[in-house]
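J.: Here you go, sequence then predicted model.
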Amino acid sequence: MIPLWVILALLTAFAVSSMDACVKRFFSHLSVYEMMGYPLFYSLPLFAAAFPFIAIPELDSTFWWCWFLSIPLNGVGFLLYNRAIQISPLSLTVPYLAFTPAFMIITGYLILGEVPSLQGLLGILVVCAGGYTLNIDPRRWSLLSPLKAVFSETGSWIMLLVSFIFSFGAVVGKLAILHSSPTFFVLFFFGSFNLLFILLTRAAGLIRVRGFFEYPLKGLVAGGLYFAHMFFHSWAISLVQASYMISVKRMSVVFGVIYGKFVFKEENIVFRFSGAVLMVIGTLLITLQGM
């Protein structure tokens with residue numbers, strides 16, 4: 001029988017990839033701030049409705065410092081994330097999120113003093129091999145062409161930068177969870193993050209709140225998928241060790257490539273799918289090291 005946490009982690013992965021496809025399909029013609037704002041705006045009522053049903057732990061200064069640092073880290077990361085999927089194929093952008101655990105080996109060592117194992121280092125090599133395979137184009141292939149393709153495809157190198165930013169955000173978020181609880185942190189942080197993003201971008205004149213009512217049904221779908229991502233994530237991570245849950249959640253990069261094929265008719269899907277699978281395997285090796 002499949003454990004409940006595996007089902008929830010897979011639902012998390014499916015929600016992430018579905019939201020990416022939804023936002024790219026329906027909102028990529030907008031500014032990146034409005035594109036990002038749609039799921040945040042429409043998920044706010046859901047976060048508000050869920051919050052009274054969770055236990056509020058005792059919060060110390062470490063938690064609040066982590067919350068304070070996580071807001072700009074995730075703000076910049078999500079903006080660049082949306083920009084990447086806005087301008088480049090899903091199958092050449094979302095798989096690069098698999099580099100986050102690889103970068104976390106560095107940030108985890110610097111911030112938490114975590115030392116990688118040989119298995120973790122092997123995982124990095126497998127993730128890099130996946131990134132190489134992802135960019136193979138059989139029509140004009142040379143040994144170095146996949147490496148050059150990473151930097152010639154703007155969305156790819158932007159998503160690599162996002163992975164590096166999220167590696168800091170994930171480590172800081174882990175510290176915040178250690179000083180609160182998984183469910184509380186996920187719902188409280190992203191609920192407050194959504195609200196702050198809407199208020200600050202509106203104050204800066206970057207979005208029009210009235211503009212979010214131009215596509216209400218599409219906004220409800222995007223917001224529902226965003227909330228489902230956070231809801232399933234917090235539920236799954238409360239049932240099992242975080243490393244196990246995150247490793248299964250990384251299946252989202254494979255789902256993203258599948259969406260790229262069937263929704264956006266993207267090319268070279270065999271190589272991109274193979275690269276995404278290698279990245280998931282590398283992520284498994286990294287996140288499950290020492291288990």
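T.: Perfect, I can see it now. Remember, it's a predicted structure, so these values are computed and weren't measured experimentally. Residues are numbered from 1 along each chain as shown.
J.: which residues of the stretch 101-250 of the chain score low on pLDDT?
T.: Where the stretch 101-250 of the chain drops to pLDDT under 70, the residues are 108, 111-112, 114-116, 141-144, 146-147, 149, 243.
J.: ok, now which ones touch the residue lying closest to Tyr96 once chain neighbours are set aside?
T.: Excluding the flanking residues, the one nearest Tyr96 by C-beta to C-beta, 6 or more residues apart in numbering is Met159, at 3.9 Å. For the C-beta atoms, the positions are set from N, CA and C on the backbone; glycine is no exception. Neighbouring residues of Met159 by C-beta atoms under 8 Å, 6 or more residues apart in numbering: 80-81, 84, 93-94, 96-97.
J.: so Cys66 sits right up against Gly169, yeah?
T.: No - in this structure, Cys66 is not within contact of Gly169 by C-beta atoms under 8 Å, at 9.9 Å.
J.: Between the two, which contacts overlap?
T.: Residues touching both Cys66 and Gly169 (C-beta under 8 Å, 6+ apart): none.
J.: I'd like the next helix or strand past the helix or strand harbouring Phe197.
T.: Following DSSP states H and E, one finds Phe197 within helix 182-203. Per DSSP H and E, the first helix or strand lying C-terminal to helix 182-203 is helix 216-237.
J.: then that next one to PDB, C-alphas only?
T.: C-alpha atoms of helix 216-237 as PDB (Å, rounded to 0.1, in the frame of the first residue of the first chain):
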ATOM      1  CA  PRO A 216     -11.500  35.700 -12.600                       C
ATOM      2  CA  LEU A 217     -12.000  32.100 -13.500                       C
ATOM      3  CA  LYS A 218      -8.400  31.600 -14.700                       C
ATOM      4  CA  GLY A 219      -7.300  33.400 -11.500                       C
ATOM      5  CA  LEU A 220      -9.300  31.100  -9.400                       C
ATOM      6  CA  VAL A 221      -7.700  28.100 -11.000                       C
ATOM      7  CA  ALA A 222      -4.200  29.500 -10.600                       C
ATOM      8  CA  GLY A 223      -4.900  30.500  -7.000                       C
ATOM      9  CA  GLY A 224      -6.400  27.100  -6.200                       C
ATOM     10  CA  LEU A 225      -3.400  25.300  -7.600                       C
ATOM     11  CA  TYR A 226      -1.000  27.600  -5.700                       C
ATOM     12  CA  PHE A 227      -2.900  26.900  -2.400                       C
ATOM     13  CA  ALA A 228      -3.100  23.200  -3.200                       C
ATOM     14  CA  HIS A 229       0.700  23.200  -3.600                       C
ATOM     15  CA  MET A 230       1.200  24.700  -0.200                       C
ATOM     16  CA  PHE A 231      -1.600  22.700   1.500                       C
ATOM     17  CA  PHE A 232      -0.400  19.300   0.200                       C
ATOM     18  CA  HIS A 233       3.300  20.300   0.900                       C
ATOM     19  CA  SER A 234       2.600  21.200   4.600                       C
ATOM     20  CA  TRP A 235       0.500  18.100   5.100                       C
ATOM     21  CA  ALA A 236       3.000  15.700   3.500                       C
ATOM     22  CA  ILE A 237       6.000  17.200   5.300                       C
END
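J.: can you give me the angle that helix makes with helix 182-203?
T.: Relative orientation of helix 216-237 and helix 182-203, computed by axes from the mean of the first three to the mean of the last three C-alpha atoms, to 10 degrees: 150 degrees.
J.: helices or strands next to helix 216-237 in the packing?
T.: Based on contacts counted as 3 or more C-beta pairs under 8 Å, 6 or more residues apart in numbering; DSSP states H and E, the elements that helix 216-237 packs against are helix 4-27, helix 32-50, helix 182-203, helix 242-249.
J.: Packing partners of the shortest one?
T.: This points to helix 242-249. helix 4-27, helix 216-237, helix 269-287.
J.: and with 7 Å instead?
T.: Judged by 3 or more C-beta pairs under 7 Å, 6 or more residues apart in numbering; DSSP states H and E, helix 242-249 is in contact with helix 4-27, helix 269-287.
J.: buried set for the longest helix seen in the chain?
T.: Secondary structure of the chain per DSSP state H: the longest helix is helix 61-87. With burial defined by 16 or more other C-beta atoms under 10 Å, the residues of helix 61-87 counted as buried are 63, 66-67, 69-71, 73-75, 77-86.
J.: Helix, strand, or coil at Ile136?
T.: coil (DSSP: H, G, I helix; E, B strand; the rest coil).
J.: Hmm, Phe271 and it touching each other?
T.: Yes - assessed by C-beta atoms under 7 Å, Ile136 is found in contact with Phe271 at 4.4 Å.
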